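> Got a predicted structure plus its sequence, pasted below:
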Amino acid sequence: SQQGEEDPQALSIQEGENATMNCSYKTSINNLQWYRQNSGRGLVHLILIRSNEREKHSGRLRVTLDTSKKSSSLLITASRAADTASYFCASPNRDDKIIFGKGTRLHILP
Amino acid sequence: NAGVTQTPKFQVLKTGQSMTLQCAQDMNHNSMYWYRQDPGMGLRLIYYSASEGTTDKGEVPNGYNVSRLNKREFSLRLESAAPSQTSVYFCASSEGDVLNGYTFGSGTRLTVV
């Protein structure tokens, strides 16, 4: 019943570079959300994009949504060591319960 | 402002033992959720409560029971723990409208031996 699936599973980049993570989902959605999880902690809500939006910004985060391709991307610009975390996309299923993907593990190298 | 508080943070159980994981939120949210997170599996919904007095099964409810004690508290009970229930358990809450996303607790790491 997994709704979203992130790609890549893991990503290592140099500090200062941009990081892009992708999410594909299966069924029509009203919105798609991105969360961050630092090691050993709970998930933190980053940003939500509605189905009628194509792009949304929040600080160094940029999210795009392509409903025709059932995909979304999360771009983190000018990465920092503190961005090292796992990132999850999530979207509501038919019962309006949020289903999470398996996540992308991002590692920022000094 | 604590948000979502889970207790305990760590627990080791023997197979067959029972325990209750506690969760409380102070944001006056209507909906509360229990997830488990296993390596390579992402987060899977165990049970949820859309409002005080109601509970419903999620994706993986077998072996668990829940109680929505009041609007603030939502507990998860393992009646007879099994090694397959070794996992990290997260409680979350949200407004009925999920447009502001879920707020998560910091998790309970449970090991069943």
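Noted; the coordinates are in hand.
> which residues in chain A form helices?
Counting by DSSP state H, chain A yields no residue ranges for helices.
> now chain B
Assigned helices in chain B: none (criterion: DSSP H).
> Name the residue closest to the centre of it, please.
Taking Cα atoms, centre = their mean, the centroid of chain B lies closest to residue B:34, which sits 2.9 Å from it.
> That residue and residue B:47 touch, don't they?
Yes - if you go by Cβ atoms under 8 Å, residue B:34 and residue B:47 touch, sitting 5.1 Å apart. C-betas here are computed from N, CA, C, even on glycine.
> Tell me what the residue nearest to the centre of chain B is bridged to.
Beta-bridge pairing for residue B:34 (DSSP bridges): residue B:47, residue B:91.
> So which bits of chain B are right by chain A?
B:4, B:33, B:35, B:40-43, B:45, B:48, B:58-59, B:90, B:92, B:98-107 (Cβ under 8 Å from any Cβ of the partner chain).
> pLDDT weak spots in chain A?
Counting by pLDDT under 70, the ranges of chain A that qualify are A:1-3.
> Apply 80 and report the result again.
By pLDDT under 80, the weakly predicted segments of chain A are A:1-4, A:93-97.
> Run through the residues of it sitting next to chain B.
Contact residues (Cβ under 8 Å from any Cβ) of chain A with chain B: A:1-2, A:31, A:33, A:35, A:40-45, A:48, A:50, A:88, A:92, A:96-103.
> Report the buried members of these.
A:31, A:33, A:35, A:42-43, A:45, A:48, A:88, A:92, A:97-103 (16 or more other Cβ atoms under 10 Å in any protein chain shown).
> residues contacting residue 6?
Since no chain was named, I'll use chain A. Counting by Cβ atoms under 8 Å, 6 or more residues apart in numbering or on different chains, residue A:6 touches A:21-23, A:87-89, A:101-104.
> hmm, I had chain B in mind actually
B:21-23, B:89-91, B:105-108.
> For it, which non-adjacent residue is spatially closest?
Excluding its sequence neighbours, the residue lying closest to residue B:6 (Cβ to Cβ, 6 or more residues apart in numbering or on different chains) is residue B:105, at 3.8 Å.
> again, but for residue A:61
residue A:47 (5.7 Å).
> Out of the residues of chain A next to chain B, name the ones that lie in strands.
A:31, A:33, A:35, A:43-45, A:48, A:50, A:88, A:92, A:98-100 (DSSP state E).
> follow-up on the earlier one: now, among the contacts of residue A:6, which is nearest to chain B?
Using Cβ to the nearest Cβ, residue A:102 comes nearest to chain B of the contacts of residue A:6, at 3.9 Å.
> picking up where we left off before, return the set of residues that bridge with the residue nearest to residue A:61.
With DSSP bridges as the criterion, residue A:47 is bridged to residue A:34.
> For residue B:52, give me its contacts.
Here residue B:52 is in contact with B:30, B:68, B:70-71 (Cβ under 8 Å, 6+ apart).
> next one: residue A:80
A:15, A:108.
> Kindly report the same for residue A:16.
Residue A:16 touches A:78-79, counting by Cβ under 8 Å, 6+ apart.
> cool, and residue A:9?
Contact analysis of residue A:9 by Cβ under 8 Å, 6+ apart lists A:102-105.
> Any regions of chain B where pLDDT drops low?
Short version for chain B, where the test is pLDDT under 80: B:1-2, B:40-41, B:96-100.
> Fine by me, thanks again.
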